[in-house]
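Peer 1: Below are the sequence and a predicted model for it; my questions follow.
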Amino acid sequence: MDEFSHLEDDTVQMVNVGEKATVDRRAVATGRIDLEPSTAESIRTGAVVKGNVLATARIAAIQAVKRTWDDIPMCHPLSVDGVTVDFTVVEDGVESTVEVSSTGQTGVEMEALNGVTRALLTVWDMVKSAEKDDDGQYPATRMTDVRVVEKIKGEP
């Protein structure tokens, strides 16, 4: 088994990346939130009571990317060069794609994933009143397919 660099004598630690070369890095993550078709249509037409769902979710995703190190204990604070957040409203949900770029010593996969999940959580929060059933439950609403679809590490 490979040595796990976050552990030393059963003590969790942050990996020292100080000796790693500084290179261009990029990661793209995607995910989806399943919604009632009527809710997706309300997002598409701008009829959600709480306001512009996708604009709010885009801001939330960018904020999450920039502060990933606050959310995930072993992540390094990074200088993020760029963040792109895209949405596709489909018949029964919203798909989100977040691309993060950085020039540094460690990758940006966690930042891209954090951006996607925060975007989807924000969508859920903004439409939850429309998604609840008569018992206050969310029978159709779920976040799915969150994954890294691309990771690129440049040459030193």
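Peer 2: Here it is on my side, so go on. Residues are numbered from 1 along each chain as shown.

Peer 1: Would you mind measuring from the closest residue to Gly46 other than its chain neighbours to His76?
Peer 2: Excluding its sequence neighbours, the residue lying closest to Gly46 (C-beta to C-beta, 6 or more residues apart in numbering) is Asn52, at 6.6 Å. All C-beta spots, glycine's among them, are computed from the backbone N, C-alpha and C. Separation of Asn52 from His76 (C-beta to C-beta, to the nearest Å): 33 Å.

Peer 1: In terms of neighbours, single out the busier of the two.
Peer 2: Legend: neighbour count by other C-beta atoms under 10 Å for Asn52 and His76, higher for His76 (16 against 13).

Peer 1: So the more buried one sits against Lys20, correct?
Peer 2: No - contact criterion C-beta atoms under 8 Å: His76 and Lys20 do not qualify, at 10.5 Å.

Peer 1: who touches both of those two?
Peer 2: Each of 105-106 lies in contact with both His76 and Lys20 under the rule C-beta atoms under 8 Å, 6 or more residues apart in numbering.

Peer 1: Following the helix or strand hosting Asp125 in sequence, what is the next regular element?
Peer 2: Secondary structure from DSSP states H and E places Asp125 in helix 109-131. As assigned by DSSP H and E, the chain's next helix or strand after helix 109-131 is strand 142-153.

Peer 1: ok and that next one relative to helix 109-131, angle-wise?
Peer 2: Counting by axes from the mean of the first three to the mean of the last three C-alpha atoms, to 10 degrees, strand 142-153 lies at 160 degrees to helix 109-131.

Peer 1: who does strand 142-153 touch, helix- and strand-wise?
Peer 2: Applying 3 or more C-beta pairs under 8 Å, 6 or more residues apart in numbering; DSSP states H and E, one finds that strand 142-153 contacts strand 23-34, helix 109-131.

Peer 1: I'd like the C-alpha coordinates of the shortest one written as PDB, please.
Peer 2: Once non-C-alpha atoms are left out, strand 23-34 reads as follows in PDB (Å, rounded to 0.1, in the frame of the first residue of the first chain):
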ATOM      1  CA  VAL A  23       2.700  24.800 -12.500                       C
ATOM      2  CA  ASP A  24      -0.500  25.700 -14.200                       C
ATOM      3  CA  ARG A  25      -3.400  23.500 -13.000                       C
ATOM      4  CA  ARG A  26      -7.000  23.200 -14.000                       C
ATOM      5  CA  ALA A  27      -9.900  21.100 -12.900                       C
ATOM      6  CA  VAL A  28     -13.500  20.800 -14.100                       C
ATOM      7  CA  ALA A  29     -16.300  19.300 -12.000                       C
ATOM      8  CA  THR A  30     -19.900  18.700 -12.700                       C
ATOM      9  CA  GLY A  31     -23.100  17.700 -10.800                       C
ATOM     10  CA  ARG A  32     -26.800  17.800 -11.100                       C
ATOM     11  CA  ILE A  33     -29.800  18.500  -8.900                       C
ATOM     12  CA  ASP A  34     -33.000  16.600  -9.800                       C
END
